[in-house]
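# here is the input, now give the coordinates:
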Amino acid sequence: MNDQEMKLPWKLTYFLEPDLIMPAIMDETQLRTTLKDFEVRDDDVFLVTYPKAGTNWTCEILDAILNIDNLEVLKTRSLAEKVPLLEFGPSRHPDLLEDGIQDVPSIVETVLNSAPSPRRVPTHLLPKYCPSQLFTKKPKTVFIDRNPKDCLVSLFGWHQYVRFLLPVEWDIFFDAHMDGHTVYGPYPEFLKAWYEYKDEPWFLFMRYEDLKKTPKESIKKIAKFLGKDLTDDQLNKAVRVTSFDYMKKANETVKGRDFYLRPTGVWQRKGVVGDWRNRFTVAQNEAFEKYYYGRMKELGIDHLNYTF
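Numbering: from 1, shown residues only. Below is the predicted model:
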């Protein structure tokens with residue numbers, strides 16, 4: 001990285017507010033205004049995740065549950081249809097144009113508005129930037145929590161692989177995160193904002209690690225939350241088509257992949273628990289835990305611990 005690119009916000013990002021960096025592929029005006037008026041349907045299924053906390057995987061799980069009698073339809077989805085991130089586009093940011101990305105379409109306009117019900121609506125946004133009707137109509141909403149160390153390592157990988165984020169050295173990336181400068185903001189603040197809804201009947205709080213450890217039981221829990229009583233055979237099918245190896249192979253040729261990824265990029269990297277041990281130094285681990293547990297205590301959710 002050159003000196004200019006090392007300055008925050010990095011190239012391909014901007015500050016939406018102090019300490020909240022957003023990718024340039026997200027439009028500031030839409031985030032501040034028009035998304036608030038997004039028309040929520042009563043049977044929508046929202047998925048809330050921090051970046052790299054299992055968004056792609058859980059989207060596939062939701063799709064499998066909602067289409068359990070027609071799983072072949074999952075093979076026809078483009079990448080934008082598989083993960084129709086609510087806040088994605090429209091954008092013609094100069095940095096994107098320089099990197100060869102032309103008009104970035106609005107997912108709301110190109111996918112979500114015309115999608116048949118029930119829709120899957122994933123987002124990484126804080127509640128204050130989400131559609132107002134999410135909190136009045138209260139559609140079923142699934143929240144996936146993940147060990148923040150693994151999120152950070154996976155997000156670092158994302159910077160290397162996708163065309164709309166800047167490749168960055170790990171030590172620089174780690175230090176920026178410790179200063180609160182990560183796309184979509186620090187994880188403790190994100191978790192605190194959404195944890196407020198954990199006891200609401202329309203809100204399901206789950207952990208990525210549980211999905212990995214007991215996929216069949218976890219998918220059954222999500223299905224029940226959505227009002228779907230799947231048979232044992234249907235559950236086995238859902239587990240099979242949402243396994244990491246199955247999805248990785250299926251997504252290697254999915255339509256729209258090249259729009260998002262660098263030539264050497266991968267859409268799904270490892271999907272494992274504990275990969276942070278392969279990246280964090282001893283000093284970084286100590287610094288992270290001191291920062292993270294301290295911040296969680298300040299926010300009043302220090303009881304929500306992780307098996308680091």
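
# tell me, how many neighbours does Pro9 end up with?
Residues near Pro9, counting by other CB atoms under 10 Å, number 18. (Glycine included, C-beta is placed from N, CA and C.)

# against Glu98, how distant is it?
15 Å (CB to CB, to the nearest Å).

# again, but for Asn70
Going from Asn70 to Glu98 by CB to CB gives 42 Å.

# do Val254 as well
Here the criterion is CB to CB. By it, Val254 lies 26 Å from Glu98.

# now do Lys192
As for Lys192, its distance to Glu98 is 36 Å (criterion: CB to CB).

# let me see the mean pLDDT of the helix or strand containing Ile21.
Taking DSSP states H and E as the definition, Ile21 sits inside strand 20-23. For strand 20-23, mean pLDDT rounds to 92.

# CA atoms of stretch 274-290 as PDB?
C-alpha atoms of stretch 274-290 as PDB (Å, rounded to 0.1, in the frame of the first residue of the first chain):
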ATOM      1  CA  GLY A 274     -10.800 -21.100  14.900                       C
ATOM      2  CA  ASP A 275      -8.900 -20.000  11.800                       C
ATOM      3  CA  TRP A 276      -7.800 -16.800  13.700                       C
ATOM      4  CA  ARG A 277      -5.100 -19.000  15.300                       C
ATOM      5  CA  ASN A 278      -3.400 -19.100  11.900                       C
ATOM      6  CA  ARG A 279      -3.200 -15.400  11.600                       C
ATOM      7  CA  PHE A 280      -3.000 -13.700  15.100                       C
ATOM      8  CA  THR A 281       0.300 -13.300  16.800                       C
ATOM      9  CA  VAL A 282       0.400 -13.900  20.600                       C
ATOM     10  CA  ALA A 283       0.700 -10.100  21.100                       C
ATOM     11  CA  GLN A 284      -2.200  -9.400  18.800                       C
ATOM     12  CA  ASN A 285      -4.400 -12.000  20.600                       C
ATOM     13  CA  GLU A 286      -3.700 -10.500  23.900                       C
ATOM     14  CA  ALA A 287      -4.400  -7.000  22.700                       C
ATOM     15  CA  PHE A 288      -7.600  -8.100  21.000                       C
ATOM     16  CA  GLU A 289      -9.000  -9.800  24.000                       C
ATOM     17  CA  LYS A 290      -8.200  -6.900  26.300                       C
END
